[in-house]
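Peer 1: with the input below, show me the fold.
(one chain, ligands or ions: 1)
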Amino acid sequence: MEDLAKWISSATAKGAVPIITGRNGDMDTIGSAIALASTHPNLMACGLHLGKLANRLCNELNAPFRKLSKSPDWPSKLGGIVIVDAASETQTGLALPEGVPICVIDHHDTCEWEFSESDLEFRSNARSTTQIIFNYLNSNHPKCLTDEVRKLLLAGLITDTGRFKHADRDAILCAANILDGANFEYQEFVEYIQNEEINSSERGAILKALSRCQTTECGKWNLIHTHAGIHEGKVAGILTQAGAEVALVSRYRDGETRLTARATRNSTKSGIHLGEMMKELSNKIGGDGGGHDGAAGWTGKSDRIAAETAFINLLANQRRNQNEP
Ligand SMILES: [Mn+2]
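Peer 2: Modelled structure (predicted):
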């Protein structure tokens with residue numbers, strides 16, 4: 001925390017410091033960026049994309065976030081760049097300017113950033129990046145913990161843990177600490193977050209993806225895979241609930257293939273680590289992959305079938321621990 005405070009204060013003393021979000025624009029990355037940006041006027045939360053929930057919450061809270069183009073005109077005097085919740089530069093979707101010190105705050109198991117001496121890596125095994133940001137604000141900038149900031153942080157924590165399904169003791173403790181001193185009601189807020197509207201074309205796309213599912217025995221593992229045009233994470237989640245040990249959803253758009261994988265807790269306990277597998281996939285067929293043990297992704301130029309096949313081959317070679325079911 002001391003290192004982080006030092007890095008930020010020396011960077012903001014030199015000029016503007018953008019806080020860059022992951023390109024998926026999920027609540028964890030957006031919430032982390034905006035909350036951290038509230039600690040100094042030279043910090044600005046920005047990124048390629050705001051996800052659906054993040055967009056809704058930011059609008060409601062009037063939270064400052066700047067949308068960037070793929071190759072933004074960076075201000076000439078940058079004091080540094082903070083990147084939150086992204087395990088590599090590709091995951092930001094942006095080309096970052098060279099020669100500017102970076103600080104990466106992240107909780108993914110894999111990391112593909114390269115660091116030089118003026119850079120700082122702040123990585124932990126927290127269940128969400130907003131947890132790290134809360135702890136930093138709580139110890140260094142408690143006045144910044146307004147209701148709005150608390151909501152952004154809590155929303156990131158709730159969504160990244162799948163509404164606490166993948167939480168641990170520290171994550172639950174952090175949620176309690178966020179609420180301690182908040183002037184809003186937890187249940188009402190959760191209801192607000194859950195209230196996600198799926199329009200009829202999205203519903204159609206999800207159903208189509210489900211109707212295309214294939215189940216395969218992959219070595220020691222059961223895999224259900226399909227392709228979807230939208231909501232891949234949601235589809236993969238449904239598939240694990242349907243009994244898949246590993247779920248894989250692929251998507252091809254604008255010359256780019258994206259794989260989204262989910263595994264049950266039982267599978268990760270038996271030896272599956274999807275983040276490591278996606279990283280290995282990128283070593284084998286290029287592109288960019290990584291993530292957590294039970295939730296991970298890969299993006300690259302390979303065609304969809306080739307990427308799926310490569311993943312399936314990898315899965316077939318994953319060992320299963322003896323003592324687990
Ligand atoms: Mn995250």
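Peer 1: show me which residues of the chain are close to the ion?
Peer 2: Taking CB under 5 Å from the ion as the criterion, the chain approaches the ion at residues 28, 85, 129, 160. (Each C-beta comes from the backbone N, C-alpha and C, glycine too.)
Peer 1: so the last one makes contact with residue 128?
Peer 2: What it means is residue 160. Yes - Residue 160 lies in contact with residue 128 (CB atoms under 8 Å); the separation is 3.7 Å.
Peer 1: which residues do these two both contact?
Peer 2: The overlap between the contact sets of residue 160 and residue 128 (CB atoms under 8 Å, 6 or more residues apart in numbering) consists of residue 28.
Peer 1: where does the residue lying closest to residue 168 once chain neighbours are set aside land in three-state SS?
Peer 2: Taking CB to CB, 6 or more residues apart in numbering as the measure, residue 168 lies nearest to residue 127, with 6.0 Å between them; neighbours along the chain are not counted. Per DSSP: H, G, I helix; E, B strand; the rest coil, the local secondary structure of residue 127 is coil.
Peer 1: and residue 160 and residue 128? which has more neighbours close in?
Peer 2: Taking neighbours as other CB atoms under 10 Å, residue 160 and residue 128 compare with residue 128 leading, 30 against 27.
Peer 1: burial of the closest residue in space to residue 42 that isn't next to it in sequence, as a residue count?
Peer 2: Leaving aside its sequence neighbours, residue 42 sits nearest to residue 12 (CB to CB, 6+ apart; 4.1 Å). A total of 18 residues lie near residue 12 under the criterion other CB under 10 Å.
Peer 1: residue 12 in helix, strand or coil?
Peer 2: helix.
Peer 1: all helices of the stretch 101-250 of the chain, in order?
Peer 2: Taking DSSP state H, counting those that start in this stretch as the criterion, the stretch 101-250 of the chain contains helices spanning 129-140, 147-160, 169-179, 186-194, 200-211, 232-241.
Peer 1: in JSON lines: those, plus mean pLDDT and distance to residue 49.
Peer 2: Output for the helices of the stretch 101-250 of the chain, formatted as JSON lines (pLDDT from 0 to 100; distance: least, CB to CB, whole Å):
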{"stretch": "helix 129-140", "mean pLDDT": "98", "distance to residue 49": "16"}
{"stretch": "helix 147-160", "mean pLDDT": "97", "distance to residue 49": "15"}
{"stretch": "helix 169-179", "mean pLDDT": "98", "distance to residue 49": "25"}
{"stretch": "helix 186-194", "mean pLDDT": "93", "distance to residue 49": "19"}
{"stretch": "helix 200-211", "mean pLDDT": "94", "distance to residue 49": "17"}
{"stretch": "helix 232-241", "mean pLDDT": "94", "distance to residue 49": "14"}
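Peer 1: rebuild the ones you listed as CSV, extending it with distance to residue 221.
Peer 2: Below are the helices of the stretch 101-250 of the chain laid out as CSV (distance: least, CB to CB, whole Å):
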stretch, distance to residue 221
helix 129-140, 29
helix 147-160, 25
helix 169-179, 27
helix 186-194, 31
helix 200-211, 20
helix 232-241, 12
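Peer 1: quick one: contacts for residue 35?
Peer 2: Residues touching residue 35, when contacts are defined by CB under 8 Å, 6+ apart, comprise 130, 133, 134, 137, 144, 149, 152, 153.
Peer 1: let's go with 6 Å and repeat that
Peer 2: For residue 35, the contacting residues are 133, 149, 152, 153, taking CB atoms under 6 Å, 6 or more residues apart in numbering as the criterion.
Peer 1: skip the chain neighbours and tell me the closest residue to the second one.
Peer 2: Read that as residue 149. That would be residue 35: by CB to CB, 6+ apart, it lies 4.8 Å from residue 149.
Peer 1: do the last one as well
Peer 2: The shortest distance from residue 153 to any residue other than its chain neighbours is 4.2 Å, reached at residue 130 (CB to CB, 6+ apart).
Peer 1: any idea how many residues pack against the one you found?
Peer 2: Using other CB under 10 Å, the number of residues around residue 130 comes to 36.
Peer 1: does it touch residue 157 like I think?
Peer 2: Yes - taking CB atoms under 6 Å as the definition, residue 130 is a contact partner of residue 157 at 5.1 Å.
Peer 1: any idea which element the closest residue to the ion within the chain lies in?
Peer 2: For the chain, the nearest residue to the ion under the criterion CB to the ion is residue 28, separated by 3.6 Å. For residue 28, the enclosing helix or strand under DSSP states H and E is helix 27-37.
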